[in-house]
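Q: this one's sequence-less:
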Ligand SMILES: Nc1ncnc2c1ncn2[C@@H]1O[C@H](COP(=O)(O)OP(=O)(O)OP(=O)(O)O)[C@@H](O)[C@H]1O
Ligand SMILES: [Mg+2]
């Protein structure tokens, strides 16, 4: 029977085990951090593969008897109470049979920290606990210590993986919340955290700014791109798995057009496969149709990026596209592209960097997302 969990290429889903490639060093690094109890922060541009890597490592360590994992995407959490609730629910759902060992303690514990407690059926493999946190008298330290209690009882270090962690930076009174979390987490003995998120700039602000509570919270891993030779082999293999063929040189071009952005490599490879003739070779024509399809399919997301931009900001993007990556402050450039005054330029720069639309490296600006750049060139130039 055909394996229905297998996909030819992974589009829009975290890479499944069979399609996970490369990242040997990062896998080893993250495994080592988990096994040795090192808090970890994972940073990369969007769609490079943070979630896939964490899932891969959790899967690889799933048989490790001294660890238990909790994974939580906190994108939907709008304030610290949402966060505490989501975190506690995730711990209960995912800590598995270990919860059984602490069940009595937990009930007692909850009845003390929250007045409205309702307990689901005990004795079933699933322990259900529904609760409501009352904001006024909420004892956040007790709530944050739940994983510690569970881990201590079960004898397994608990690794809590928090995806889209930059969301904490958007909470009301965010710095106070960050200080609370850091204050409790750094004293824990049995619980460790792996924090990662898709807004690179916000993550950098939270973890690499000396004045922020999470500065030096743990080992910060900056994820690199998966190299093109790894992708080329993968693409050629997937084509032949699907009964088609692609030359290594064309697979190489898939990597160069997408600059090895993981999600775009998978997408462009799939479109090229789709347009290649049945049982035949991927052609130049299929590739160029695939590039168009790649740009088109990402258009709605790019529209969302530019919609809130002002005309000055759009003009600035145009100047960068035209190669003014360093001399954008010169009067002639400012006049040609209608960028306004010098002080306006530094505002434009900071806002666009803050939105992850542009990047600055040694004062040289770039538009890092290659497909966005192509789309923008087609529209603006
Ligand atoms: N190691 C990998 N092997 C194969 N494909 C991968 C790998 N890592 C990432 N991908 C591809 O890239 C896509 C994006 O990966 P993922 O969602 O893990 O990135 P992310 O960095 O978490 O993204 P975001 O910043 O949006 O949260 C996946 O759907 C998959 O197609
Ligand atoms: Mg992710």
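A: Nice, I can see it. Keep in mind it's a predicted model, so treat the numbers as computed, not measured. Ligands and ions are numbered 1, 2, ... in the order given.
Q: Now for the residue in the stretch 101-250 of the chain that ligand 2 sits nearest to, how many residues are close by?
A: Distances between the stretch 101-250 of the chain and ligand 2 by Cβ to the ion are smallest at residue 198, namely 5.2 Å. For every residue, glycine as well, the C-beta is placed using N, CA and C. Residues lying near residue 198 (other Cβ atoms under 10 Å) number 20.
Q: How about it: what's its closest non-neighbour residue?
A: Computed as Cβ to Cβ, 6 or more residues apart in numbering, the closest residue to residue 198 that is not its neighbour in sequence is residue 46, at 5.1 Å.
Q: Also residue 259?
A: residue 370 (4.3 Å).
Q: mind listing what that neighbour touches?
A: 257-259, 261, 264 (Cβ atoms under 8 Å, 6 or more residues apart in numbering).
Q: got any ranges where the protein has weak pLDDT?
A: Low-confidence segments of the chain, defined by pLDDT under 70: 1-5, 13-18, 96-138.
Q: Residues of it that sit close to ligand 1?
A: 10, 13-15, 19-23, 44, 46-52, 198, 226, 262-263, 266 (Cβ under 6 Å from any ligand atom).
Q: and these, which are buried?
A: Neighbour-count burial (16 or more other Cβ atoms under 10 Å) applied to the residues of the chain next to ligand 1 gives 10, 14-15, 19-23, 44, 46-52, 198, 226, 262-263, 266.
Q: Just the ones of these in strands?
A: Among those, DSSP state E puts none in strands.
Q: Around residue 172, count how many other residues there are.
A: 9.
Q: Confirm for me that it is in contact with residue 79.
A: Yes - taking contacts as Cβ atoms under 8 Å, residue 172 lies within contact range of residue 79: 5.7 Å.
Q: which ones are touching the nearest residue to residue 10 once chain neighbours are set aside?
A: Using Cβ to Cβ, 6+ apart and skipping the chain neighbours, the partner closest in space to residue 10 is residue 19 (4.9 Å). Applying Cβ under 8 Å, 6+ apart to residue 19 gives the contacts 7, 9-10, 234, 238.
Q: now, the most widely separated pair of these?
A: 7 and 234 (12.9 Å; Cβ to Cβ).
Q: Of the two, which one has the most company?
A: residue 234 (20 against 16).
Q: so what's the nearest residue to the more buried one once chain neighbours are set aside up against?
A: Excluding the flanking residues, the one nearest residue 234 by Cβ to Cβ, 6+ apart is residue 21, at 4.8 Å. Taking Cβ under 8 Å, 6+ apart as the criterion, residue 21 is in contact with 15, 226, 230-231, 234.
Q: so how far is residue 47 from residue 21?
A: 15 Å (Cβ to Cβ, to the nearest Å).
Q: for residue 143, same thing?
A: On the measure of Cβ to Cβ, residue 143 and residue 47 end up 33 Å apart.
Q: what do you get for residue 187?
A: If you go by Cβ to Cβ, the gap between residue 187 and residue 47 works out to 35 Å.
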